[in-house]
Every structure is written in C-alpha cells, then in structure tokens.
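Undergrad: here is a sequence together with a model predicted from it:
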Amino acid sequence: MKADWKRIDLLRRNASELEADAIEQYLTGNVGRRELLRYGATIGMSGAVLATLGLVPETTPRAQAAPANQTIRAGIEVPASAVDPVTTGDAGGLCMLQQVGEFLCIDGPDLVLRPALATSWKPNAKGDVWTFSLRQGVKFHDGRPMTADDVVATFDRLANPKNASNALSAFKGVLAVGGTRKVDDHTVAFHLDAPNGNFPYYTSSDNYNAIIIPADFKGDYEKSFIGTGPFKLEKYTAKVGASFTRFDGYWGPKALPARTEFTFYQGMQSKVLALQGRQVDIIVPVAVQGGQAILHDPRFQIIRLRSAAHEQVHMRTDMGALRDKRVRRAIALSLDRKGLVAGLFQGLSDLGNDSPFAPVFPSTNTSVPQRTQDIKQAKELLAAAGHAKGVNIKLTTEKYIEIPDYAVLIQNFAKAIGVNITLKVESQSAYYGKAVFGQSDWLDSEMGITDYGHRGVPNVYLAAPLKSDGTWNAAHFKNPTYDRLVASYVAALDLAGQRAVSKEIETLLLDETPVIFGYFYNYLSAAVKGLKGAQPTAMAQLFLQNATLS
C-alpha cells in the first residue's frame, strides 16, 4: 500500500485538530505505523483516513464463510460466583459474559480499538466529553432494539457505588452516575470527571463488565444471559458448564458455528487432560506452570498474546523498614529479572521495569533504562538505610498459578543482600478477604504479591494501586507529585504527550519503588490443530463466532 499525497494534503485541511496532529506525527516519523493505528482507533480516526495514508486497504466488503452446523467445545475456569455483568470479575465469569454480550468497541490483540456497538467516537477539544455514535439495527436476544437508553443505563449502573460494581476501580475519578447522557436514540455523550485521552478503552472489551444490557435489567442474569451478541443462551448450569446457539437476529455476519459448548474445570491439570483426551477443542488460559505437557506437543497449537498481565509486588511505604525507599529499591535490585522470565515462563514474558508501563503499551517511554540485578548497590542501599546487618520482612500472598514460586524466588534473591523474608502463602479468598482496607491481607500486609489481569492501556494500573486515594493501594503510597503526573498523563490526547509524562512517571517510580513489576507475561491458550478462527484475548475472553473445525 502507498500513501496518496494529493489526498493527504486534502486530509490535512479537512481533518480534526487531533487527526491532523496524528497525521503529522506519523509523516515526520515521530510515531510508527502500529502506534498510529492504535492512537487513531482511540480518537475515532476513520478507515478512509488510514487508507489514504497507506496503512490499511480501502474498505471493501469482505466475503464471509458460510455458517456451518458445528459445535465448538471450550474448557475454561469455573466462574467464582454468580455470573452478573455488574459484579463479575473472575476469568470464568467474564468469558461467559462475553459469549452473549457486546461492547461499544473491541480492543484487539494489537490493542487497536475497533467499532462494535458504536460505529465512531470523538472527543471535544479538552478531552472531557466523548461522543459515541451507536450502531443502528441492533437487537437484543429477545427482539427489542438497542438504543441510547440502554447504553446510558448500562454505564450508570456500572458507575454507581451502591451496586458493588466491579468496574468502579476503572470509573473512579473518570465517570460518575449521570455522566453518560443521551443525545438522541443513537448518540451518547460521556461527560467525564476530568479529561481522559484513553477513555474509549473504558467502553471497550478492555473494561470487561461494560457489555450493553437492557435499561430495565433488574438482576438474576444467569436466567437470561441477555445481550446483543452473535450467540444466545441455550443452557447454563452453575459449576458445570454452559452452551450457546447462533443468534439469527444478529446485526452482523452470522456466527459460523451453530453452537458452542463450555465445560468448567477446577485448575490447570483438569483442563489440560480434557484437551489431551479431545473432550474439548480449546482451553483458556494455559499457564506455563502446569501446562508444560501441551506447550511443546505437536498435536496442539499454542495461541500466544503479549500482554500487560503481571503480578504486583507491593511494599508498604508507611510501616517498618519498608518506609525507607532505599530498602525497597534494594529488594528490587536483588532480582534477576531475566532469570525470572526464563524460569517461570520459559521466556514467554516481557521484562518489567517497576512501573505499570509494559513494553506492549505504545505510550511506554523506552528511553528509561531497564533496572537490572545489582547486588553490590543493593547492599550499599541497605547499609545506608541502617540495615547493614540485615532486616526481617513478612511477605503474604495468594496460591495462584506461578505466584508461590515467584515468592520463593524473591525470598532467595533478597537473602543474598541480607533481607530475610518470611512467607505466608494462603488461599485467594483468605488473601483478598473483603478487599477493603483493614479487612484484607492483600491491602494490609507489609509486603505482598497480587495478580493483575491485562488491560489495553495503563490507566487503571496507574490509578487504583498507586494513587494516594487508589482503591487498591496496597503499598499505601502517597505521593502528590505522582498523583499530578498521572492526571497529566490521563489528560494527554496524543502519544507524544503521553510519552513525555510516562518518562517522568517511570523515573519517579524507579526512585520510590512502592511496587515491583518484575515481568508482564504472555497470555497463552491451547487448541487442537484443526481449530481455526478462534480468538482468545488477554482479558480472558474467547471469541468463537468465526471458529471452524477441519
């Protein structure tokens, strides 16, 4: 594909201010192709603009394979509780929601947003009002049309603290009840608490609770599983499994499989055995710890996605020896990160640099040097902090995938510099407790390790666990400069602006080190060789509408 320079000149004259800036950044080499595609998706840049730049083909109708009467079988984790679009937060439950529900836009494996129930979106000049145009002709599974009223009710429901919404961690300080407003039947405007350059991601599959459901939803979702998606509920049996059938009233191309079937499993080994025994066609996710039997088995294909998923090692900045940032930095410097990635993930992971800016994010500033193991410097920092003879710390964490092994490795690394770590590994329910300060080992422990799932942008990671008022601030980190920088990053509407602030944030967090980000692991799925068109996401979703079995 080649750029059409005559049409580019016309584009520059007619483009919005944000589009014109993005075009100029690309043409001058300040951003690359993939970065422009991601940013263009955020600001709602049209396909025609991208085609003119030579980045995508001209939009023409694509042939769709004929639907087949196949059943695709998947093995996933048992939903941890009742499946509900407002409160569900576990991998199994989120996968169930996505089978029937849809989002305003889709965050793809490349972190580029694509239209779904919204066809386009645009910010105002300040970035605190985003207007979405809704797709027309969309029906819920019961035949009712989807309108702006349903979108407004969905987001008001998620933003309401009275509903125990799992999305509140994302919406706090971003979108409040009443901020989502109907313009007309097919247009919605989001009036935000503050400017936010990445807001469309909050309405996408990246915010896994944000499936659009009817305005009159009253609860008890497992009886209806109502949504607008390409599949509708056939049967759901709690703790056992579920099945879905093709929705013939779907607004888009009809699903290729006539039916999908999900079996729920406890633990990795049971899923692996089911795939090996051909009881299922695909399992999600697959962890390196426990999935070794199929990772290199030629009978199966491994679907690998780079992600921002990680385990946060928090250190209480308000108690004991960890109040001194020199102790926190010493522990971080004791880690052999390349060794962690090789040992825990067989290399299927990116290195972490002690900030939420994963390598997969286009706004990550790669000019900040990678922290590496430095035992000499770590010992010097400990001595300067008054702990030349050593210090004792208790690390509490959860029994989940590789985390117990990670805890032991941290314990061994720290021992080499004179930090004696006592481990307490407990069940997830005991670790998280009530997930509020004062009633949670996670939020109250001196030091801990917590699993964080993938997100398409770092906004939630920057706010909930690290801002002074963050709902997940297990490190009890309170730094006004950091809070100000995060507000600046969130408000930035262009990649250059985001990168300038991210460099300051990354540098500050390397100095303060309230949290260790040791790695960002790949999201893995495994399937039989004959399965084509299945699309897992690093958010624990599994799109099967284009799946076929040969």
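TA: Yep, that arrived.
Undergrad: tell me where the chain is predicted with low confidence.
TA: Counting by pLDDT under 70, the low-confidence segments of the chain come to 1-67.
Undergrad: okay, which residue of it is out on the far edge from center?
TA: residue 389 (41.7 Å; CA atoms, centre = their mean).
Undergrad: which parts of stretch 383-400 are buried?
TA: Burial within stretch 383-400, assessed by neighbour count using 16 or more other CB atoms under 10 Å, is assigned to 385, 387, 391, 393, 395, 396, 397, 398, 400. Glycine gets a C-beta too; all of them are placed from N, C-alpha and C.
Undergrad: out of these, which is nearest to residue 247?
TA: For residue 247, the closest of these turns out to be residue 400, at 34.8 Å, with distances computed as CB to CB.
Undergrad: before we move on, what SS does the closest one have?
TA: Of the three states, residue 400 takes coil according to DSSP: H, G, I helix; E, B strand; the rest coil.
Undergrad: what's the answer for residue 511, then?
TA: Using three-state DSSP as the criterion, the local structure at residue 511 reads helix.
Undergrad: that one: neighbouring residues, count only.
TA: Other residues near residue 511 come to 11 when the count uses other CB atoms under 10 Å.
Undergrad: and the buried residues of stretch 383-400, which is closest to residue 286?
TA: Nearest to residue 286 out of these is residue 400 (CB to CB; 14.7 Å).
Undergrad: can you report phi and psi for the closest one?
TA: Taking degrees, to the nearest 10, you get phi -160, psi 130 for the backbone angles of residue 400.
Undergrad: just checking, it touches residue 428?
TA: Yes. With contact taken as CB atoms under 8 Å, residue 400 and residue 428 are classed as touching, separated by 5.9 Å.
Undergrad: count of residues packed around residue 406?
TA: When neighbours are defined as other CB under 10 Å, residue 406 has 20 of them.
Undergrad: give me the nearest residue to residue 502, chain neighbours excluded.
TA: residue 365 (4.6 Å; CB to CB, 6 or more residues apart in numbering).
Undergrad: the one you found in helix, strand or coil?
TA: Taking three-state DSSP as the rule, one finds residue 365 in the coil state.
Undergrad: tell me the contacts of the closest residue to residue 224 other than its chain neighbours?
TA: Nearest residue to residue 224 in three dimensions, chain neighbours excluded: residue 233, at 7.0 Å (CB to CB, 6+ apart). Neighbour list for residue 233: 100, 141, 224, 225, 242, 244 [criterion: CB atoms under 8 Å, 6 or more residues apart in numbering].
Undergrad: repeat that for residue 531.
TA: Counted by CB under 8 Å, 6+ apart, residue 531 has contacts 72, 281, 282, 301, 547, 548, 549.
Undergrad: same question, residue 138
TA: Taking CB under 8 Å, 6+ apart, one finds 117, 145, 146, 228, 251 in contact with residue 138.
Undergrad: where's the closest residue to it other than its chain neighbours relative to residue 103, distance?
TA: Leaving aside its sequence neighbours, residue 138 sits nearest to residue 146 (CB to CB, 6+ apart; 4.2 Å). According to CB to CB, to the nearest Å, residue 146 stands 12 Å off from residue 103.
Undergrad: again, but for residue 78
TA: 24 Å.
Undergrad: can you pull out the strands in the stretch 51-200 of the chain?
TA: Counting by DSSP state E, counting those that start in this stretch, the stretch 51-200 of the chain has these strands, from start to end: 71-77, 105-107, 113-115, 118-123, 129-134, 180-184, 187-191.
Undergrad: quick revisit: now the contacts of residue 138 as a markdown table including distance to residue 510?
TA: Compiled in a markdown table, the contacts of residue 138 are given as follows (distance: CB to CB, whole Å):
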| residue | distance to residue 510 |
| --- | --- |
| 117 | 40 |
| 145 | 52 |
| 146 | 46 |
| 228 | 45 |
| 251 | 48 |
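Undergrad: highest neighbour count among these?
TA: residue 228 (29 neighbours).
Undergrad: which residues touch that one?
TA: Neighbours of residue 228 in contact, by CB under 8 Å, 6+ apart: 101, 102, 117, 138, 139, 140, 141, 146, 212, 250, 251.
Undergrad: can you tell me which of those residues is closest to residue 172?
TA: For residue 172, the nearest member of the contacts of residue 228 is residue 212. The distance, counting by CB to CB, is 21.2 Å.
Undergrad: quick check: that closest one touching residue 101?
TA: Yes. The criterion here is CB under 8 Å, and residue 212 meets it with residue 101 at 6.9 Å.
Undergrad: overlap in contacts of the two?
TA: Taking CB under 8 Å, 6+ apart as the contact criterion, the residues that touch both residue 212 and residue 101 are 227, 228.
Undergrad: what about the helices in the stretch 1-150 of the chain?
TA: 5-14, 17-27, 33-43, 47-52, 91-100, 148-159 (DSSP state H, counting those that start in this stretch).
Undergrad: for residue 388, see how far away the residue nearest to residue 138 is.
TA: Relative to residue 388, residue 146 is positioned 66 Å away (CB to CB).
Undergrad: break the protein down into its domains, please.
TA: Structural domains annotated on the chain: 5-52, 102-222, 310-521, as defined by automatic domain parsing.
Undergrad: what is the burial count for the closest residue to residue 70 other than its chain neighbours?
TA: What sits nearest to residue 70 in space, not counting adjacent residues and going by CB to CB, 6+ apart, is residue 257, at 4.9 Å. Using other CB under 10 Å, the number of residues around residue 257 comes to 26.
Undergrad: got the phi/psi numbers for the spatially most central residue of the chain?
TA: With distances taken as CA atoms, centre = their mean, the residue of the chain nearest its centroid is residue 455 (1.9 Å). Summarising the backbone geometry of residue 455 under the convention degrees, to the nearest 10, its torsions are phi -140, psi 150.
Undergrad: ok, now which ones touch it?
TA: 201, 206, 308, 461, 539.
Undergrad: what's the answer for residue 149, then?
TA: For residue 149, the contact set (CB under 8 Å, 6+ apart) comprises 182, 185, 215.
Undergrad: the second one against residue 148, yeah?
TA: It stands for residue 185. Yes. With contact defined as CB under 8 Å, residue 185 counts as touching residue 148 (5.5 Å).
Undergrad: beta partners of residue 72?
TA: On the basis of DSSP bridges, residue 72 is bridged to residue 260.
Undergrad: what number of residues lie near it?
TA: Per other CB under 10 Å, the neighbour tally for residue 72 reads 26.
Undergrad: I figured it hits residue 280, correct?
TA: No. Taking contacts as CB under 8 Å, residue 72 lies outside contact range of residue 280: 9.2 Å.
Undergrad: give the intersection of the neighbour lists for those two.
TA: What both residue 72 and residue 280 touch, as defined by CB under 8 Å, 6+ apart, is an empty set.
Undergrad: circling back to that earlier point, so who does the residue farthest from the centre of the chain touch?
TA: Counting by CB under 8 Å, 6+ apart, residue 389 makes contact with residue 418.
Undergrad: which SS class is it?
TA: On the basis of three-state DSSP, residue 389 is classed as coil.
Undergrad: ok so, going back, out of the contacts of residue 149, who's nearest residue 509?
TA: Nearest to residue 509 among these is residue 182, at 40.3 Å by CB to CB.
Undergrad: what's across from that closest one in the sheet?
TA: Beta-bridge partners for residue 182, by DSSP bridges, are residue 188.
Undergrad: and for it, the neighbour number?
TA: Using other CB under 10 Å, residue 182 is surrounded by 15 other residues.
Undergrad: include distance to residue 122 when you put the contacts of residue 531 into TSV, please.
TA: Output for those, formatted as TSV (distance: CB to CB, whole Å):
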residue	distance to residue 122
72	37
281	41
282	37
301	40
547	34
548	37
549	41
